[in-house]
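> got a predicted structure here, sequence first:
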Amino acid sequence: MALIIEMKKATDGTSSLRCVRVDGTDTWQHHQGAQGRFFPLHDLTHFAVESTLELGDSFYGLVDRGWNVTDFGEPWPRGPMPTEAAVTERMVGLLDTERATGHLWVAAELNGEIARGENLPVVPTSLVLTDERLGQIRSCRRDLFQRWQAIPPGETLRLKFPPDRGSP
């Protein structure tokens, strides 16, 4: 079994993220306005990074283990994020910046920017990207963005985390 991720594109331009765990419990968040357009792409970037790198201690893995979406921020009710999750969040943020600016990082640049993140521990070698892995993340993200764009308002994109190898 796996975490089921449901991203709904509402008819009023808002969006929501709902994650359903194997035990049937869920956590969700609704986004309006600019956040309703930003967060689906941010959350899909998380999915692309975490599934491509086969991470289990980042956003979706933590949600699967019982964290709620609201646990990822002040006042940090579960304490600080694990190292993997903190590094992944920085990576996803930089990929969001890449998407917004059109400046494509090469892996060495992206790794350097990740390592310069405030309050980050030493980046584990398992999270240091090669150009090949970065290309795989971008390819997965592009496919996910296309799937999201194809969803009509009022409909939901469903993903499974971790995905079956070979399909997001």
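Happy to help now that I have it.
> count the residues that sit near Ile151.
By other Cβ atoms under 10 Å, 16 other residues sit near Ile151. C-betas here are computed from N, CA, C, even on glycine.
> so it makes contact with Thr11?
No: counting by Cβ atoms under 8 Å, Ile151 sits too far from Thr11 to count as a contact (11.7 Å).
> who are the contact partners of Cys140?
The neighbours of Cys140, taking Cβ atoms under 8 Å, 6 or more residues apart in numbering as the test, are Phe47, Ala48, Ser51, Thr52, Pro168.
> what separates it from Thr130, distance-wise?
Cys140 sits 15 Å away from Thr130, taking Cβ to Cβ, to the nearest Å as the criterion.
> how about Gly66, phi and psi?
Gly66 adopts backbone torsions of phi 120, psi -10, taken as degrees, to the nearest 10.
> just the pLDDT at Leu3, thanks.
With respect to pLDDT, Leu3 scores 97.
> what about Lys9, how many residues nearby?
20.
> run through who's touching stretch 129-137.
By Cβ under 8 Å, 6+ apart, the list of residues contacting stretch 129-137 from outside reads Ala48, Val49, Thr52, Leu53, Met91, Leu95, Trp105, Val106, Ala107, Leu110, Asn111.
> that stretch - what's its average pLDDT?
97.
> roughly how far is it from the heart of the chain?
Taking Cα atoms, centre = their mean, to the nearest Å, the mean C-alpha location of stretch 129-137 is offset from the chain mean by 16 Å.
> quick check: buried residues in it?
Of the residues in stretch 129-137, Leu129, Leu134, Gln136, Ile137 count as buried by neighbour count, 16 or more other Cβ atoms under 10 Å.
> which pair in these spans the largest distance?
Across the buried residues of stretch 129-137, the longest distance by Cβ to Cβ is 9.6 Å; it joins Leu129 and Gln136.
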